[in-house]
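S.K.: How does the following fold in three dimensions:
(one chain, ligands or ions: 2)
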Amino acid sequence: MTRSNVPLVRFHGVRKSFGELEVLKGIDLEVAPGEVVALIGRSGSGKSTALRCVNGLERINAGELTVCGRELHGGKVDLRELRQDVGIVFQSYNLFPHLTVEQNVTLAPRKVHKIGAGEARDLAARVLAQVGLSDKAQNYPEQLSGGQQQRVAIARSLAMRPKLILFDEVTSALDPELTGEVLRVIEQLASEGMTMMLVTHEMAFARSVADQVVFMHQGRVWETGTGDMLANPQTPELRQFVGNGL
Ligand code: ADP
Ligand code: MG
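M.R.: Ligands and ions are numbered 1, 2, ... in the order given. Prediction:
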């Protein structure tokens, strides 16, 4: 097998419980390098839990989960190293209000990669350009719109040069007119070949940007396919979901 055929993420029979509640009931899923995978499904179907397992925020109970060559089901995993490879962006941006955009974006790489001030400035310029915010480096978060703050959060993730980025409903807290600018940034990253897993309620977006759409239902991968499966659901559950969701 050539290197490029090795999936960056591989779920095999993954199970996860919180106490008595089994939330992931045997998930099989692979994400190839450069692939964009959209997770869709009702609230409570296990989408966030699946994402959180990928960067080690949750530990799986059974099955196998391999991420960027690390076996998360195995013995010891260095979570700090894992999270350098795997970025995650949430619905809430969690920027530091007392730091500028540039400082927010370079805080982690300065600490982890021990880069100097000049290099940090160049890095900030590069990742802020990627999210269309070159002119906001010296602003504070409160001076930005919600959509701009979310783009800073994406830039902060890019600054760590991850191999994979996870997005969990990153537009859900935004007004509709600010959603588009964030989705366009994700679309741009997709075209640059970034590997991404995203949980989204934006069905039209999932259909257009994702190489693989995964419909989760009651802790299982219920149906999976290309974006076109949303126009042609094979199960009553997906049919009902897209019927309500569109
Ligand atoms: P989704 O993202 O699809 O809405 P989640 O993965 O957040 O679903 O949640 C799946 C189920 O797991 C829900 O029933 C939720 O209440 C439960 N759950 C999620 N996180 C925890 C937790 N830390 N402790 C207990 N139950 C949890
Ligand atoms: Mg969720």
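
S.K.: Any buried residues in the host helix or strand of Ser208, and which?
M.R.: In this structure, Ser208 is located in helix 203-209 according to DSSP states H and E. The neighbour-count check on helix 203-209 (16 or more other CB atoms under 10 Å) flags Met203, Phe205, Ala206, Arg207, Val209 as buried. Where C-beta positions appear, they are placed from N, C-alpha and C, glycine not excepted.

S.K.: Run through who's touching the next helix or strand after that helix.
M.R.: Later in the chain than helix 203-209, the nearest helix or strand by DSSP H and E is strand 212-217. For strand 212-217, the external contacting residues (CB atoms under 8 Å, 6 or more residues apart in numbering) are 29, 31, 35-42, 45-47, 50, 206-207, 221-227, 229-230, 235, 237-238, 241.

S.K.: just curious, which of the buried residues of helix 203-209 is nearest to Asp78?
M.R.: Val209 (31.5 Å; CB to CB).

S.K.: Am I right that the closest one is in contact with Gln188?
M.R.: No: assessed by CB atoms under 8 Å, Val209 is found out of contact with Gln188, at 10.1 Å.

S.K.: Who are the packing partners of the helix holding Ser208?
M.R.: Helices and strands touching helix 203-209, as assessed by 3 or more CB pairs under 8 Å, 6 or more residues apart in numbering; DSSP states H and E, comprise strand 36-40, helix 176-191.

S.K.: Repeat the analysis, applying 10 Å as the threshold.
M.R.: With contacts taken as 3 or more CB pairs under 10 Å, 6 or more residues apart in numbering; DSSP states H and E, helix 203-209 sits against strand 36-40, helix 176-191, strand 195-199, strand 212-217, helix 236-245.

S.K.: that older thread, filter the contacts of strand 212-217 to the buried ones?
M.R.: By neighbour count, with 16+ other CB under 10 Å, those hold 29, 31, 35-42, 45-47, 50, 206-207, 221-225, 227, 229-230, 237-238, 241 as buried.

S.K.: A strand includes Arg10, no?
M.R.: Yes: per DSSP: H, G, I helix; E, B strand; the rest coil, Arg10 lies within a strand segment.
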